[in-house]
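In: Provided below are the primary sequence and the corresponding predicted coordinates.
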Amino acid sequence: MCVASPSGSGKSNTVLYIIALLSKCFTRIIICTKTNETLYDHLKDTIDNVEVIEEGQVPAMSEYDSETSKLIVFDDLVLEPKKTQAQIGQYFIRGRKAGFSMIYISQSYFGIPKTIRINSQYVILGRNLTSRDLRLISADFPSDRPIKDFMSIYKQATTEKLSTIMMDIINRKIYKNVIEYVCDL
């Protein structure tokens, strides 16, 4: 899953909501971030088995049991070196076989390495994206739906502060705020 939108648009709140919805599905939740945020401290206080790894460090997949379900979140590591991006990319290519589900959070969809974008089933977009951004993003996910329709759906779904749209690329569906079905992609 990729989550992309500018600062202050609700990326972190959306990811916390997803974690809260799905926390029972995972034996461990790992968050890789540049610096710890209070929201992750709160998460550790409310959900068991949350591990926060700071300084942009990314653990090797081999450090974890491949028999259990794990969620790993890469929070705003887009400026980390290419070596780190390649390591993250390996999670998106091989992680599912090792029991991982992945979330990559970025302020820019285009800052997310292509390997990660094309290996994500879900893309969540927050408010304040430009028409140009939306045109380019929609080009990554060919659809019979005209681009103007997609832009209209995005604008309607993200009118309220902290609202998002989620595209399910495999099942070709669009949702508002993760759970409210809007239409087919």
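Out: Alright, I've got the coordinates. Numbering: from 1, shown residues only.
In: Now do stretch 58-73: distance from first to last residue.
Out: By C-alpha to C-alpha, to the nearest Å, the extent of stretch 58-73 from end to end equals 10 Å.
In: Is it correct that M102 falls within a strand?
Out: Yes - assigned with DSSP: H, G, I helix; E, B strand; the rest coil, M102 falls within a strand.
In: From G89, how far off is it?
Out: Going from M102 to G89 by C-beta to C-beta, to the nearest Å gives 10 Å. C-beta here means a position set from N, CA and C on the backbone, and glycine is covered the same way.
In: what's the answer for F74, then?
Out: F74 sits 10 Å away from G89, going by C-beta to C-beta.
In: Show me which of the two is the more surrounded one.
Out: F74 (29 against 18; other C-beta atoms under 10 Å).
In: What helices and strands are in contact with whichever strand or helix holds that one?
Out: Here F74 is covered by strand 70-75, with elements defined by DSSP states H and E. If you count contacts as 3 or more C-beta pairs under 8 Å, 6 or more residues apart in numbering; DSSP states H and E, strand 70-75 packs onto helix 11-22, strand 28-33, helix 82-94, strand 100-106.
In: Next, format these as TSV and append distance to I170.
Out: What follows is the helices and strands packed on strand 70-75, written out as TSV (distance: least, C-beta to C-beta, whole Å):
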stretch	distance to I170
helix 11-22	17
strand 28-33	23
helix 82-94	14
strand 100-106	14
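In: Compute the inter-axis angle for the strand holding F74 and helix 82-94.
Out: Per axes from the mean of the first three to the mean of the last three C-alpha atoms, to 10 degrees, the angle that strand 70-75 makes with helix 82-94 is 140 degrees.
In: So what's the gap between strand 70-75 and the chain middle?
Out: Relative to its chain's centre, strand 70-75 lies at 9 Å (C-alpha atoms, centre = their mean, to the nearest Å).
In: Count the residues that sit near the closest residue to A4 other than its chain neighbours.
Out: Nearest-residue entry for A4: Y109, 3.9 Å, with adjacent residues in sequence omitted and distances by C-beta to C-beta, 6 or more residues apart in numbering. Per other C-beta under 10 Å, the neighbour tally for Y109 reads 20.
In: Do I have it right that Y109 meets P6?
Out: No - using C-beta atoms under 8 Å, Y109 is not in contact with P6; the gap is 10.4 Å.
In: Between the two, which contacts overlap?
Out: Shared contacts of Y109 and P6, defined by C-beta atoms under 8 Å, 6 or more residues apart in numbering, comprise L129.
In: ok, V3 to E67 distance?
Out: Counting by C-beta to C-beta - V3 and E67 are separated by 27 Å.
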